[in-house]
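In: The sequence and its predicted three-dimensional model are supplied below.
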Amino acid sequence: MERNSRGHQFALAALIALATCAALALAWPRLARSPAVDPASGAQGQPSVVSDRVAELAGKGASVSEGVRAGELPDIAGEVLEAYRAEGDCVLVSAGYLDLAGRVWECTVARGKEVEMCFVEEAQGGSCAVHRVRIDPQIAEGLQDAL
């Protein structure tokens, strides 16, 4: 029986998004207590919850790119969504805030056989840390087994 590739991609992206959201939701008490992060070192010299999760995914083989952008979180999140829309080769799976304080936003897109997650995290000094994580099908299968 042949898999429906679009349905399979959507299900895989949704599973990864839900797993990421669940992991960050479990870490919410730490997010709620912490001040905005310093993008270079994390809050109070500690890595942020998002940085920890991104590092964990990178350790499992995901492709990671990170940077800092000047601006408020809602503006940066809007720019991220607009950039994905302009590329035109991806499908938005989910987007929204991951914490009740509104300091961490995430979107998940499916692009061909890959899944990409982008986290935008409020940082000190009116900037945001932007973390992009790209997961190919082989890595995704391993992550499914770990869940």
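Out: Structure received. Residues are numbered from 1 along each chain as shown.
In: name the helices or strands packed onto the helix or strand encompassing residue 84?
Out: Using DSSP states H and E, residue 84 sits within helix 73-87. Judged by 3 or more C-beta pairs under 8 Å, 6 or more residues apart in numbering; DSSP states H and E, the packing partners of helix 73-87 are strand 91-97, strand 104-111, strand 114-122, strand 127-135. Backbone N, C-alpha and C define where each C-beta goes, glycine included.
In: nearest to residue 54, of those?
Out: Distance to residue 54, taken as C-beta to C-beta, is lowest for strand 127-135 among the helices and strands packed on helix 73-87, at 4.7 Å.
In: relative to strand 114-122, how tilted is the closest one?
Out: 160 degrees (axes from the mean of the first three to the mean of the last three C-alpha atoms, to 10 degrees).
In: Can you spell out which helices and strands pack onto strand 127-135?
Out: helix 49-59, strand 63-70, helix 73-87, strand 114-122.
In: Tell me the spatial nearest neighbour of residue 92, not counting adjacent residues.
Out: Among residues not flanking residue 92 along the chain, residue 109 sits closest, at 5.5 Å (C-beta to C-beta, 6 or more residues apart in numbering).
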